[in-house]
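Asker: Predicted coordinates and the sequence they were generated for:
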Amino acid sequence: MSGKDDPKGPVADRDATNAGVLRTALHSSVPSHFHDPVGLTFRILKSGNRDAIAALLQAGLRLGLGPVDMALAWFARQSVAKGVAPARPVLFVTGPPRSGTTLLHQLLIQNLPVAYVTNLASLMPHSAAAGAAPLTASIANASVRLQSYYGRTRALSGPSDGLEFWDRWFGPDRRAVPTQIPPEAAAAMRFFFGRLEQKTGRPVVAKNNNLMASAHLVAEVLPTARFVCLRRDPVYLGQSLLKARKDIHGTSDISYGIDDLASAPNMPVDAVEDVCRQVRFYDELQQRQAARLGRDRFIVIGYEDLCRDPAAVVKRLGHDILGLTSDVRPIAPLSASRTRNLDNDEFRRLAERIGSQGDARTALPPGR
């Protein structure tokens with residue numbers, strides 16, 4: 001039936017048009033691989049989570065600041081080609097989403113004298129990448145809180161994944177696995193991390209879950225780069241990935257995080273089966289990067305071990321990898337999340353399909 005014949009047709013068309021406009025606007029600040037950014041907005045507002053709402057406000061602010069950001073980038077007039085790569089180690093936190101990477105990132109920043117990418121810098125990525133002030137403004141390590149919403153934090157001085165910068169180097173599709181870093185992007189990456197180190201006089205700590213698949217590419221661009229990869233009990237990782245699919249995409253049928261699209265089945269499969277495939281993919285990526293880069297450069301630690309003794313992990317990474325000699329204050333053990341949020345049948349099928357491998361063991365290089 002046409003819109004002309006159906007009295008509801010014009011209303012439905014207008015609603016669809018309005019939703020399309022909102023979707024387009026959100027996609028300029030929300031990654032295009034998000035299945036339903038409009039629905040995500042309403043789910044965030046309904047949740048009442050302050051970090052989630054702050055992330056939504058920051059996305060809107062980033063959109064509004066776009067013209068100012070571009071103008072500052074033009075006036076910065078600093079040549080990326082003249083950038084010098086970092087001289088000190090750069091420690092990248094990586095691992096599957098929902099494996100504790102945000103927690104480790106926050107702990108390192110909170111307890112070590114390191115530089116990091118702030119939410120303020122991510123609000124104005126063009127000017128910050130070009131050498132303008134937001135890149136090094138508002139760093140405040142001691143005020144970092146161990147809270148987030150899927151990696152997003154509320155304070156402008158809080159740590160950011162810096163995905164707006166990674167989009168410039170790897171491309172906007174955050175579910176794609178890059179095969180190379182173009183020379184211009186490599187120069188921009190060296191300039192970015194080199195300037196952050198030079199302006200602060202500190203080693204840099206950054207986080208990007210997708211480096212599980214591309215650490216070897218970044219290692220070629222940044223000779224001092226080191227990577228610490230989190231590994232979590234696969235059953236609870238799978239459960240958390242299923243929850244993320246529902247929270248972020250509004251459905252468990254769409255994967256959250258990078259995925260091996262080549263191995264994805266052509267026909268719809270059970271969500272539990274699909275997330276088990278994704279967990280195996282992450283395990284293969286971790287093993288591949290460890291083999292490529294070696295144990296001294298690609299370090300694997302267990303999320304459960306991190307929670308059991310966070311001070312020991314922070315101290316060894318700070319001393320052995322970043323070369324810091326400052327003492328690390330005592331950090332109380334943290335509770336490793338092992339709450340079941342699936343129904344009994346789903347959890348049983350997940351556990352049977354994956355097979356619990358127990359707690360991942362810490363694999364830090366020997367202490368010096």
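Answerer: Structure received.
Asker: okay, and for the stretch 251-368 of the chain, where does confidence drop off?
Answerer: 261, 264-268, 356-368 (pLDDT under 70).
Asker: where along it do the helices fall?
Answerer: Per DSSP state H, counting those that start in this stretch, the stretch 251-368 of the chain carries helices over the ranges 271-293, 303-308, 310-316, 344-354.
Asker: any chance of these in JSON lines, plus distance to Ala140 and mean neighbour count?
Answerer: Where you see a C-beta, it was placed from the backbone N, CA and C, and this is true even at glycine. What follows is the helices of the stretch 251-368 of the chain, written out as JSON lines (distance: least, Cβ to Cβ, whole Å; neighbours: other Cβ atoms under 10 Å):
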{"stretch": "helix 271-293", "distance to Ala140": "32", "mean neighbour count": "19"}
{"stretch": "helix 303-308", "distance to Ala140": "23", "mean neighbour count": "21"}
{"stretch": "helix 310-316", "distance to Ala140": "18", "mean neighbour count": "19"}
{"stretch": "helix 344-354", "distance to Ala140": "40", "mean neighbour count": "15"}
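Asker: just so I know, which of these lies nearest Gln110?
Answerer: Gln110 lies closest to helix 310-316 among the helices of the stretch 251-368 of the chain, at 8.6 Å (Cβ to Cβ).
Asker: Please work out which residues outside that closest one touch it.
Answerer: The contact list for helix 310-316, computed with Cβ atoms under 8 Å, 6 or more residues apart in numbering, reads 104, 107-108, 111-112, 301, 305-306, 328-331, 333-334, 362, 364, 367.
Asker: next one: stretch 249-269
Answerer: Contacts of stretch 249-269 from elsewhere in the structure, counted by Cβ under 8 Å, 6+ apart, are 34-36, 39-40, 43, 96-98, 174-177, 209-210, 212-213, 241-242, 244-246, 248, 271, 274-275, 277-278, 281.
Asker: tell me which residues of it are tucked away?
Answerer: His249, Gly250, Ser252, Ile254, Ser255, Tyr256, Gly257, Ile258, Asp259, Asp260 (16 or more other Cβ atoms under 10 Å).
Asker: Now do the same contact list for the spatially closest residue to Gly100 that is not a sequence neighbour.
Answerer: Spatially, and ignoring its direct neighbours in sequence, Gly100 is nearest to Tyr303 (3.7 Å; Cβ to Cβ, 6 or more residues apart in numbering). The neighbours of Tyr303, taking Cβ under 8 Å, 6+ apart as the test, are Ser99, Gly100, Leu103, Leu230, Arg231, Arg232, Asp233, Ala336, Ala360.
Asker: So what's the residue count around the fourth one?
Answerer: Read it as Leu230. Neighbouring residues of Leu230 were enumerated by other Cβ atoms under 10 Å; the total is 27.
Asker: which residue packs closest to it, ignoring adjacent ones?
Answerer: The spatial neighbour of Leu230 that comes closest, neighbours along the chain excluded (Cβ to Cβ, 6+ apart), is Gly95 at 3.4 Å.
Asker: count of neighbours near the one you found?
Answerer: For Gly95, the neighbour count with other Cβ under 10 Å is 28.
Asker: Might one say that Val177 is in contact with His216?
Answerer: No. Checked against Cβ atoms under 8 Å, the pair Val177 and His216 is beyond contact range at 11.6 Å.
Asker: on that earlier part again, which of the contacts of Tyr303 lies at the shortest distance from Leu120?
Answerer: Of all the contacts of Tyr303, the one with the least separation from Leu120 (Cβ to Cβ) is Leu103, at 21.7 Å.
Asker: Can you add distance to Ser148 and give the helices of the stretch 251-368 of the chain back as CSV?
Answerer: What follows is the helices of the stretch 251-368 of the chain, written out as CSV (distance: least, Cβ to Cβ, whole Å):
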stretch, distance to Ser148
helix 271-293, 20
helix 303-308, 15
helix 310-316, 16
helix 344-354, 24
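Asker: Select, out of these, the one closest to Ala128.
Answerer: Closest to Ala128 of the helices of the stretch 251-368 of the chain is helix 310-316 (Cβ to Cβ; 26.8 Å).
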